[in-house]
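# would you be able to build a 3D model of this:
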Amino acid sequence: MNLGEIVGVGNTATVYEWEIGKVVKLFREGYSCQDAIREFENARAVNDMDFPKPKAYEFITYEGKHGIVYDKVMGESLLDWTLRTGNLEKCSILMAKAHKAILKHDITNVPDYKDFLIYQIKKASITKEERQNALYLADQLKNGTTLCHGDFHPGNVMLFQDRISVIDFMNVCRGSRLYDIARTVYLIEYTPVPSGADNPEKIRNLKKTLSRLYLEQMNLNKDSIKDYLTAISVARKGECPEENRMY
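Numbering: from 1, shown residues only. This next block holds a predicted model:
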């Protein structure tokens, strides 16, 4: 099988046409085989669950690169659609609809979210006291078996004629629904505006507004997720240290 046209490009992989109705997500050369397999296993773990997503079919190696064969998803990312239309309210409604469909499921055969937080907190370049406080806080957060996407944001929701589909299952985990909601709020509101962006203050305001609208759609407020946000913000220093250098 030969690769078809490129249909998407991300930080770690390029997505190509593969066969009728399918694509292959081909990871960059040198990308960890273990991480690629983990995404495949996570995607397979949720294959039969009732929320909109492309199914994962097989793990392949193509010219030395690892890849995953998925259903082809039509349309554009909700992020691109929102940037094009400016319709933050509809974006928040579609996000909440998709996220609620995920969070209604329970799962046991994926990692616990606390293990992810603790691992990243231990990696973070912070003081010993900050690390101890963050680890204690993470340990006190609620346990659970709710299916958490782990990386839910408008860039990982595809939109086609008002139909949505969720992609990217690298960070799937189990835990508290409040964790996954807080993680989404963090990714929307608190990640830095890309360097060189036009009118960064306007973008920051848009991010803040979308975060607020999304939380309203989820029937929550910042106070209800504050401990999760605190733990996530410290863990992010281990997960993405380059973000702190962008401010």
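
# quick check: closest non-adjacent residue to residue 186.
What sits nearest to residue 186 in space, not counting adjacent residues and going by C-beta to C-beta, 6 or more residues apart in numbering, is residue 232, at 4.9 Å. For the C-beta atoms, the positions are set from N, CA and C on the backbone; glycine is no exception.

# in the protein, which spans are strands?
Listed in chain order, the strands of the chain (DSSP state E) span 6-9, 13-17, 22-27, 56-62, 65-71, 76-77, 146-148, 157-160, 163-166, 173-175.

# counting contacts, what elements does the last one pack onto?
What it means is strand 173-175. helix 113-123, strand 146-148 (3 or more C-beta pairs under 8 Å, 6 or more residues apart in numbering; DSSP states H and E).

# and of the ones you listed, who's closest to residue 71?
Nearest to residue 71, of all the helices and strands packed on strand 173-175, is strand 146-148, at 19.1 Å by C-beta to C-beta.

# what distance separates the closest one from the centre of its chain?
Centroid displacement of strand 146-148 relative to its chain, using C-alpha atoms, centre = their mean, to the nearest Å, is 13 Å.

# do the same with stretch 69-77
How far stretch 69-77 lies from its chain's middle: 16 Å, per C-alpha atoms, centre = their mean.

# one more: stretch 24-31?
For stretch 24-31, the distance to the chain centre is 18 Å (C-alpha atoms, centre = their mean).

# which ones are touching the spatially closest residue to residue 160 that is not a sequence neighbour?
Among residues not flanking residue 160 along the chain, residue 75 sits closest, at 2.9 Å (C-beta to C-beta, 6+ apart). Residue 75 makes contacts with 158-161, 163, 165, as judged by C-beta atoms under 8 Å, 6 or more residues apart in numbering.

# ok, now residue 149?
So residue 149 contacts 99, 102, 156, 166, 169, 171-172, 180 (C-beta under 8 Å, 6+ apart).

# what about the longest helix in the protein?
helix 200-217 (DSSP state H).

# how about that helix: buried residues?
Buried residues in helix 200-217, counted by 16 or more other C-beta atoms under 10 Å: 206-207, 210-215, 217.

# in CSV: those, plus pLDDT and distance to residue 61.
CSV is the format used below for the buried residues of helix 200-217 (pLDDT from 0 to 100; distance: C-beta to C-beta, whole Å):
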residue, pLDDT, distance to residue 61
206, 95, 41
207, 97, 38
210, 98, 39
211, 98, 40
212, 98, 44
213, 98, 43
214, 98, 38
215, 98, 42
217, 98, 41
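
# show me which of those is closest to residue 176.
For those, the nearest to residue 176 is residue 215 (15.7 Å; C-beta to C-beta).

# ok so, going back, helices or strands next to the longest helix of the chain in the packing?
By 3+ C-beta pairs under 8 Å, 6+ apart, helix 200-217 packs against helix 88-103, helix 177-185.

# ok, residues contacting it?
82, 88-89, 91-93, 95-96, 154, 181, 184-185, 188-189, 193, 197, 221-222.

# so for the most centrally placed residue in the chain, what's the pLDDT?
Geometric centre of the chain, nearest residue: residue 151, 1.5 Å, by C-alpha atoms, centre = their mean. pLDDT, residue 151: 97.

# for the nearest residue to it once chain neighbours are set aside, what are its contacts?
Residue nearest to residue 151 in three dimensions, not counting chain neighbours: residue 171, with 4.5 Å by C-beta to C-beta, 6+ apart. By C-beta under 8 Å, 6+ apart, the contact list for residue 171 reads 42, 116, 149-151.

# from residue 84, how far out is residue 171?
In this view, residue 171 and residue 84 are 27 Å apart by C-beta to C-beta, to the nearest Å.

# where does the protein have its least confident helix or strand?
Lowest on mean pLDDT, DSSP states H and E among the helices and strands of the chain sits helix 241-244, with a mean of 84.
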